[in-house]
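Participant: Provided below are the primary sequence and the corresponding predicted coordinates.
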Amino acid sequence: MLRQFNVSSGVIEGVRQLRREPDWTEAQFQQRWSEQLPDLGQGTGERIREAALIAAYHAETEHPVVRLWVCEDAKQFKRVTEELALCWVQYLESGIIQRSL
């Protein structure tokens, strides 16, 4: 997942060195990776956080993981589900559908 978020291989290796625990709070996770990788920029740290959240969602066992999500085409929704369907209402409101008719 981190490669898909364009995180460097050196940072990925640093993240791999983190001790794995099943139930970290977000604050604990952030503290651990900031200790392990203290020189990260804000953007790289945010990509690590987003990748971890998506990975945790996919590892969920108590609730089913959604396979198809109908939403807008914002980048934060990509990679959350196996399939992503765009909402036609957004295209109708933006005039894209009207221009193409």
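Facilitator: Perfect, thanks for sending it.
Participant: how does this structure divide into domains?
Facilitator: As given by automatic domain parsing, the domain ranges for the chain are 9-58, 68-100.
Participant: What average pLDDT does the longest one get?
Facilitator: Mean pLDDT, computed over domain 9-58, is 83.
Participant: Can you check the distance spanned by it, start to finish?
Facilitator: End-to-end distance for domain 9-58, by Cα to Cα, to the nearest Å: 23 Å.
Participant: do the same with stretch 55-64
Facilitator: For stretch 55-64, the first-to-last residue distance is 14 Å (Cα to Cα).
Participant: what do you get for stretch 15-29?
Facilitator: Note: stretch 15-29 ends 11 Å apart using Cα to Cα.
Participant: buried set for stretch 38-53?
Facilitator: For stretch 38-53, a neighbour-count test (16 or more other Cβ atoms under 10 Å) marks 40, 44-45, 47-48, 50-52 as buried. Backbone N, C-alpha and C define where each C-beta goes, glycine included.
Participant: With distance to L2 as new columns, can the domains of the chain be given to me in CSV?
Facilitator: Shown next, in CSV, are the domains of the chain (distance: least, Cβ to Cβ, whole Å):
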stretch, distance to L2
domain 9-58, 5
domain 68-100, 11
